[in-house]
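1. Sequence first, predicted model second:
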Amino acid sequence: MSKSSQTPSALATHLRRRSLLELFVATSIFGPAFVTSIWAMEGIGPIWVTSIRFIFAIVMLDLLSLTRLLCLEPVKYSCRELKAVFLLGFLLFGTLTFQTGGLKYTSATKCGFITVLY
């Protein structure tokens, strides 16, 4: 049965179940990141931990796009757009590095709570 032929309540139930599943998957992936970062910080610094996270994300995205699971089409970016992407990536890297460094001074639970606030 296609989504367009479903009743509104059946569609709402389907979307609710799917959203709960997606939240569970996201929590399962990103929740342990704080604990893992604390373990990694015992041997290396926050910049290295963040670098490894970024490299892992790049590899996973490449694998997903190569297998065509994400249905990504090649996109041509203008120079201005590339500058914006690199600026935002740099800011994200800095934010995650400071957050990871903050794990030295607080628990993973508190860090996760603070992250949710912003």
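-> Yes, it's here. Keep in mind that this is a model prediction, so the values were computed, not measured. Numbers count the residues shown, from 1 in each chain.
2. roughly how far apart are residue 15 and residue 28?
-> Per Cβ to Cβ, to the nearest Å, residue 15 is found 20 Å from residue 28. Backbone N, C-alpha and C define where each C-beta goes, glycine included.
3. same question but for residue 37, I mixed them up
-> Distance from residue 37 to residue 28, by Cβ to Cβ: 16 Å.
4. higher neighbour count, these two?
-> residue 37 (21 against 9; other Cβ atoms under 10 Å).
5. average pLDDT across stretch 54-63?
-> Mean pLDDT, stretch 54-63: 85.
6. how far is it from where the chain is centred?
-> Distance of stretch 54-63 from its chain centroid, counting by Cα atoms, centre = their mean, to the nearest Å, is 11 Å.
7. mind checking pLDDT for the residue nearest the centre of the chain?
-> The chain has residue 30 as the residue nearest its centroid, 6.8 Å off, counting by Cα atoms, centre = their mean. With respect to pLDDT, residue 30 scores 75.
8. For the chain, which residues score under the pLDDT cut-off?
-> Of all residues in the chain, those with pLDDT under 70 make up the ranges 1-6, 67-72, 74, 118.
9. Could you measure from residue 55 over to residue 48?
-> In terms of Cβ to Cβ, residue 55 sits 10 Å off from residue 48.
10. Those two: which is more packed in?
-> residue 48 (14 against 10).
11. ok, the residue nearest to that one when sequence neighbours are not counted - how many residues close by?
-> Distances taken as Cβ to Cβ, 6 or more residues apart in numbering put residue 40 closest to residue 48, at 7.9 Å, once the chain neighbours are dropped. By the criterion of other Cβ under 10 Å, residue 40 has 18 neighbours.
12. Could you double-check that residue 40 lies in contact with residue 52?
-> Yes. At 7.4 Å, residue 40 counts as touching residue 52 under the criterion of Cβ atoms under 8 Å.
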